[in-house]
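Peer 1: Below are the sequence and a predicted model; questions follow.
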Amino acid sequence: MAVLQEYKCPCCDGAIAFDSKTQKMKCPFCGTEFEIETLEQYSGILDNDGEDNLEWEKEAGTEWSEGEAENLNVYACNSCGGEIVGDETTAATSCPYCGNPVVMLGKLSGSLKPDLVIPFKLDKKAAKEILKNHYKGKVLLPKVFKTENKIEEIKGLYVPFWLFDADANAHIRYKATRVRYWSDSRYNYTETKYYSVIRGGDIGFDNIPVDGSTKMADDLMESLEPFNLADAVDFNTAYLAGYFADKYDVSADDSIERANYRIKNSTAAEFRKTVNGYTTVSTEASTINLTRGSTRYALLPVWILNTSWKDQKFTFAINGQTGKIAGRLPMDKGAFASWFFGVASAASVISFVLMWLFR
């Protein structure tokens, strides 16, 4: 069976053929000409394109030792279904997710033991000050968010994360152009040169965090990064005293897709930084293979504040290690209207004065 070799134009993807006049390969669609040797090299590059191999090797977490979890209790919220873990000293006055004060007590069972924990570095007082400072200058913020009783409801929570380590070997091909413009007395000219730019190499990733709780929004948790894993220690139940600790409900296997997404984006961003001096650059093909892929289970410290305003729930999170804060603030429409008309009135007065001065 005969096999036909078809060459595609790197510029427009049209089928190209040999032109006997120029003794070159020529695209009948965009008119670009290529040396045969160049196309053969390009064809070889295309043959090297492969599929991603993003496989992970090591499972995270360990089983609890006999008797180790005897003093750990589970607090299950009747309102949102959230399950959190604490020792017998944990004050389960309200759910850290929805603020519901009704919780039930049960014994811990069936969860993996974390490998690591970053202990809280900031106490409740420091977290309250961070939140107060976050509110400063927010003239359109509803007054209810600035009241002391709301700040008192802040809860310390160890959030479950899966930490992914891997070495990524990447092969990325870009289509790039350099465009030059000039003109003479009769015409305007545009010259576009096309390039195939190839980058390849290895890049290492350590401790890529992926939130292991469906009750915590991924974007909210990622906004608190980075956590300094140099402060992480082997897990001990003593660190739970006085705090909540969420039970993971997203497994390590189910978190792989998010980890792969973050690795691919980070790899693409780092390699793209090396492609400079072109008018346009677009990615044509990307192949990433992982080695040394391993996963660990960690608890990371987060202060949580939930409150409601006009039937909307607002969640604020503070990194319990660094103090970085994240969360969406509401806007008081009444305050906005007063502020807008005040600004509009001031602008009208200024405009009137300027017109009077320069008429």
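Peer 2: Now that the structure is in, tell me what you want to look at. Numbering: from 1, shown residues only.

Peer 1: got the contact list for residue 247?
Peer 2: 74, 83-85, 111, 160, 213 (C-beta atoms under 8 Å, 6 or more residues apart in numbering). Yep, even glycine has a C-beta here, placed from its N, CA and C like the rest.

Peer 1: which SS class is the residue nearest to the spatial centre of the chain?
Peer 2: Most central in the chain under C-alpha atoms, centre = their mean is residue 222, positioned 5.3 Å from the mean C-alpha point. At residue 222 the chain is in helix, as set by DSSP: H, G, I helix; E, B strand; the rest coil.

Peer 1: Equivalent analysis for residue 205, please.
Peer 2: strand.

Peer 1: swap in residue 263?
Peer 2: helix.

Peer 1: I figured it hits residue 170, correct?
Peer 2: No - applying C-beta atoms under 8 Å as the test, residue 263 and residue 170 come out as separate, 9.6 Å apart.

Peer 1: who touches both of the two?
Peer 2: In contact with both residue 263 and residue 170: residue 288, using C-beta under 8 Å, 6+ apart.

Peer 1: show me what contacts the closest residue to residue 236 other than its chain neighbours?
Peer 2: Nearest non-adjacent residue to residue 236, counting by C-beta to C-beta, 6 or more residues apart in numbering: residue 117, 7.3 Å away. By C-beta under 8 Å, 6+ apart, the residues touching residue 117 are 158, 232-236, 239, 298-300.

Peer 1: What are the boundaries of the strands in the stretch 1-150 of the chain?
Peer 2: 7-8, 15-19, 24-26, 33-34, 72-77, 83-87, 103-107, 116-117 (DSSP state E, counting those that start in this stretch).

Peer 1: Show the average pLDDT along stretch 153-165.
Peer 2: Stretch 153-165 shows a mean pLDDT of 89.

Peer 1: Equivalent analysis for stretch 266-280, please.
Peer 2: On average, stretch 266-280 scores 93.

Peer 1: hmm, who's touching that stretch?
Peer 2: With contacts defined as C-beta under 8 Å, 6+ apart, stretch 266-280 is touched by 168, 170, 172, 174, 176-179, 195, 197, 199, 201, 203, 205, 281, 283, 286, 288.

Peer 1: change it to 6 Å
Peer 2: 168, 170, 172, 174, 176-179, 197, 199, 203, 281, 288 (C-beta atoms under 6 Å, 6 or more residues apart in numbering).

Peer 1: now the contacts of residue 117 in a markdown table, with distance to residue 268?
Peer 2: Formatted as a markdown table, the contacts of residue 117 follow (distance: C-beta to C-beta, whole Å):
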| residue | distance to residue 268 |
| --- | --- |
| 158 | 32 |
| 232 | 28 |
| 233 | 34 |
| 234 | 35 |
| 235 | 34 |
| 236 | 39 |
| 239 | 37 |
| 298 | 26 |
| 299 | 30 |
| 300 | 26 |
